[in-house]
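Asker: the amino acid sequence is not available; the structure is as follows:
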């Protein structure tokens, strides 16, 4: 897991071949005015999901993991708290191959708040519980990058 400001995203481009494409996208697009929905940037290798999500309590948010994709999550209209548990600390769970997701019962080990203007990266080894917010609903973008 990585948490930082959008201004520093360039510092992470060496971590993955497509992160330079994410950096270019962030420089050339206004996330706050983008329409909701999915944008295929490089097909299934790199795409963005602009979402209007319902805020959850930490008890409602479920820890999840992905096997094939890296998530770069950016809250746009409101701060968002995310739970974090290293995957190695999670029990075995059913994996939905079609949606590339496993869900886990129970609370996350740690929580961090991500503000607009910041991003958080979750790799396949990172269990995360997104969408925790006092806002009833808020806008965020999730970049999905093939791991």
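Answerer: In hand now; what should we look at? Because the structure is predicted, anything quoted here is derived from the model rather than measured.

Asker: list the buried ones in stretch 23-35?
Answerer: 23, 25, 26, 31 (16 or more other C-beta atoms under 10 Å). C-beta here means a position set from N, CA and C on the backbone, and glycine is covered the same way.

Asker: the second one and residue 79: what is the separation?
Answerer: Going back to what we said before, that points to residue 25. 22 Å (C-beta to C-beta, to the nearest Å).

Asker: ditto for the first one
Answerer: When C-beta to C-beta is applied, the distance between residue 23 and residue 79 equals 23 Å.

Asker: quick check, residue 141 in contact with residue 35.
Answerer: No: here residue 141 lies out of contact with residue 35, judged by C-beta atoms under 8 Å, at a distance of 11.1 Å.

Asker: overlap in contacts, these two.
Answerer: The overlap between the contact sets of residue 141 and residue 35 (C-beta atoms under 8 Å, 6 or more residues apart in numbering) consists of residue 50.

Asker: tell me the predicted confidence for residue 84.
Answerer: Note on residue 84: pLDDT of 98.

Asker: ok, now which ones touch it?
Answerer: Neighbour list for residue 84: 1, 108, 109, 110, 111, 112, 126, 127, 128, 129 [criterion: C-beta under 8 Å, 6+ apart].

Asker: which ones among the residues you listed are found in strands?
Answerer: 110, 111, 112, 126, 127, 128, 129 (DSSP state E).

Asker: which one of those residues is nearest residue 95?
Answerer: The shortest gap between residue 95 and any of these belongs to residue 127, at 13.0 Å (C-beta to C-beta).

Asker: what separates the closest one from residue 120, distance-wise?
Answerer: For residue 127 relative to residue 120 (C-beta to C-beta), the value is 13 Å.

Asker: more neighbours: those two, which one.
Answerer: For residue 127 versus residue 120, the count of surrounding residues by other C-beta atoms under 10 Å is larger for residue 127: 26 against 22.

Asker: for the more buried one, which residues make a bridge with it?
Answerer: Beta-bridge partners recorded for residue 127 (DSSP bridges): residue 85.

Asker: repeat for residue 111
Answerer: Beta-bridge partners, per DSSP bridges, of residue 111: residue 83.

Asker: one step back: which neighbours do residue 127 and residue 120 share?
Answerer: Joint contacts of residue 127 and residue 120 (C-beta under 8 Å, 6+ apart) do not exist.
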